[in-house]
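**Student:** sequence unknown, structure follows:
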């Protein structure tokens with residue numbers, strides 16, 4: 001009976017130890033599993049702001065990303081700076097176009113030289129203003145010199161019309177048959193071709209000088225707004241007269257300038273047509289049938 005009792009106690013002790021070992025293993029297994037579940041829940045609760053913002057990127061990766069971003073920013077800045085420089089150069093070129101060279105021995109060149117020779121000696125002109133003297137633009141060499149320049153430009157515009165109107169009268173753009181092209185006199189055609197090129201050069205000079213003189217006159221007229229003639233009994237009427245005088249100088253030459261611009265468009269059209277006619281003449285006209 002003692003043996004049975006001892007045997008039963010040993011069996012019970014064994015069963016108790018076995019149960020404890022099983023419970024330990026279960027707890028050992030459940031603990032990491034529970035931690036994994038808890039970690040997953042926490043990650044789900046955290047807003048997804050990107051792997052780099054969660055600290056998932058390494059320091060090297062973050063440095064590389066920043067360097068790449070800086071390089072992109074530097075490139076954009078360089079391009080913007082380059083574009084700004086290009087725009088500035090374009091603006092300057094547009095505001096200050098190259099002035100065509102004028103032939104000193106040409107009628108216009110001699111006339112302009114005479115105007116400068118007879119201009120007033122003083123460099124600038126000044127008129128009384130509210131807070132001191134109003135200095136006129138340095139381009140202004142006196143009313144006499146301005147009138148002289150405008151007269152020279154008017155003479156040149158009239159000369160262009162008289163010298164090159166035959167090119168317009170030939171009506172080269174209106175030619176519509178090979179027969180008409182083959183009947184063109186070679187000497188006349190060559191003269192018109194050379195004349196069209198010469199007109200382009202002279203007109204460029206005329207246009208440039210006209211724009212310069214007109215701009216100078218407009219600057220002077222605008223400066224009159226700041227002039228105060230307090231010592232005169234009728235200052236408004238006097239200032240009005242001065243302004244109208246400058247405006248009249250610009251107006252009388254602008255009409256001829258517009259005529260010269262219209263003539264230039266027609267000469268340019270004739271020049272383009274003559275280049276085409278020359279090619280057709282070479283391809284289609286027979287030498288012994290051409291009028292010499």
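**Tutor:** Perfect, thanks for sending it. Just so we're clear, the structure is a prediction, and the values are computed from it rather than from any experiment.
**Student:** Tell me the buried residues in stretch 161-171?
**Tutor:** In terms of neighbour count (16 or more other Cβ atoms under 10 Å), stretch 161-171 has its buried residues at 164, 167, 168, 170. All C-beta spots, glycine's among them, are computed from the backbone N, C-alpha and C.
**Student:** ignore the last one, stretch 236-252
**Tutor:** Going by 16+ other Cβ under 10 Å, stretch 236-252 has these buried residues: 239, 242, 243, 246, 249, 250.
**Student:** Can you tell me which of those residues lies closest to residue 178?
**Tutor:** For the buried residues of stretch 236-252, the closest approach to residue 178 (Cβ to Cβ) belongs to residue 250, at 48.7 Å.
**Student:** That closest one reaches residue 218, doesn't it?
**Tutor:** Yes - using Cβ atoms under 8 Å, residue 250 is in contact with residue 218, at 7.2 Å.
**Student:** Look at residue 95 and report its pLDDT.
**Tutor:** At residue 95, the predicted lDDT confidence score is 45.
**Student:** The one 3 residues further on too?
**Tutor:** pLDDT recorded at residue 98 is 57.
**Student:** Kindly report the same for residue 150.
**Tutor:** Confidence score, pLDDT, at residue 150: 96.
**Student:** Repeat that for residue 183.
**Tutor:** Taking residue 183 on its own, its pLDDT is 93.
**Student:** same question, residue 257
**Tutor:** 89.
**Student:** sec struct for it, please.
**Tutor:** helix (DSSP: H, G, I helix; E, B strand; the rest coil).
**Student:** Residue 254 versus the nearest residue to it once chain neighbours are set aside, what's the distance?
**Tutor:** Nearest-residue entry for residue 257: residue 210, 5.2 Å, with adjacent residues in sequence omitted and distances by Cβ to Cβ, 6 or more residues apart in numbering. Here residue 210 is placed at a distance of 8 Å from residue 254 (Cβ to Cβ, to the nearest Å).
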